[in-house]
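Participant: Return a 3D structure for these sequence lines:
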Amino acid sequence: MLTADAVTCQAGFKKCYARASPVRVDAVPNATAELPSRDFTFFAGHPALDLCATLTGRLKPQPQDLLVQPQDLAQWLVAAGVAAAAPAVGRDDVERARVLRECVYALALARTQDERLPAAPRRALNGIAAGKSAVPKLGADASLQVAGSARQFLVSLAREALRLLASPARIRQCEAVSCARLFIDTSRSGERRWCSMSACGNKAKVAQFRRRQLRQRS
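Facilitator: The predicted structure follows:
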């Protein structure tokens, strides 16, 4: 079982190596009840980084994994635009998706700090990407059709993650105190701070406003 080489620390959102307990993909508390659907979010600007957001509350004592049942992964693949229709998904596919997620997260987090990519997640990601991917086909109506199994779609996603991590894209981590989401900063200034202005950005502005009010009253 893969263990990620990097985790986040709440203070300063820095990575902790060796002396910190690694995040294990088989040690995240999960809900056991089957749910008809999941409330996935897509703020990152890239499906590989959106996959990282399927583990919520990374800075909390008990993160919540949104990829628990096969149907969760099937729903995510469609919602993320990776697959046009839900493929058959087995429990081994869910585990593979979770390993892929933690590899991408550890490597992208290293990118945010301009540090050397950790070896174990890098090797694991390369291994997943080396598999057989989903096959794109051009339809008669000039539409793009992609066919494959859940595992093949994950291979395709792993390859997209490789391209992202090797690109000059500005990968950022949300600066909200309780958020650890990653995203691509496509702003002209290159100073985007929040995963979402409607969520973390708005909360930060409200908090700043309240602090100003308190200072004015004191």
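
Participant: Need phi/psi at the residue nearest to Arg116 when sequence neighbours are not counted.
Facilitator: Ranked by CB to CB, 6 or more residues apart in numbering and with sequence neighbours excluded, the top spatial neighbour of Arg116 is Ala110, at 6.9 Å. For every residue, glycine as well, the C-beta is placed using N, CA and C. The phi/psi pair for Ala110 (degrees, to the nearest 10) reads phi -60, psi -40.

Participant: Correct me if wrong: Ala110 contacts Leu117.
Facilitator: Yes - counting by CB atoms under 8 Å, Ala110 does reach Leu117; the two are 5.1 Å apart.

Participant: Neighbours of the residue nearest to Arg116, how many?
Facilitator: 20 (other CB atoms under 10 Å).

Participant: Ala158 too?
Facilitator: Counted with other CB under 10 Å, Ala158 comes out at 25.

Participant: quick one: contacts for it?
Facilitator: Going by CB atoms under 8 Å, 6 or more residues apart in numbering, Ala158 touches 48, 100, 125, 128-129, 131.

Participant: mind redoing it with 10 Å?
Facilitator: With contact taken as CB atoms under 10 Å, 6 or more residues apart in numbering, Ala158 is in contact with 48, 51, 96, 99-100, 103-104, 124-131, 133.

Participant: Could you confirm Ala86 falls within a strand?
Facilitator: No - according to DSSP: H, G, I helix; E, B strand; the rest coil, Ala86 belongs to no strand; its state is coil.

Participant: could you point out which element follows the helix or strand bottoming out on mean pLDDT in the chain?
Facilitator: Lowest on mean pLDDT, DSSP states H and E among the helices and strands of the chain sits strand 15-16, with a mean of 30. Scanning forward in sequence from strand 15-16, with DSSP states H and E defining helices and strands, the next element found is helix 47-52.

Participant: ok, back up a step: between all of the contacts of Ala158, which two are separated the most?
Facilitator: Set against one another by CB to CB, those have their most distant pair in Leu51 and Ala130, with a gap of 18.4 Å.

Participant: Show me which of these two is the more surrounded one.
Facilitator: Counting neighbours by other CB under 10 Å for Leu51 and for Ala130 shows that Leu51 has the greater number, 28 against 11.
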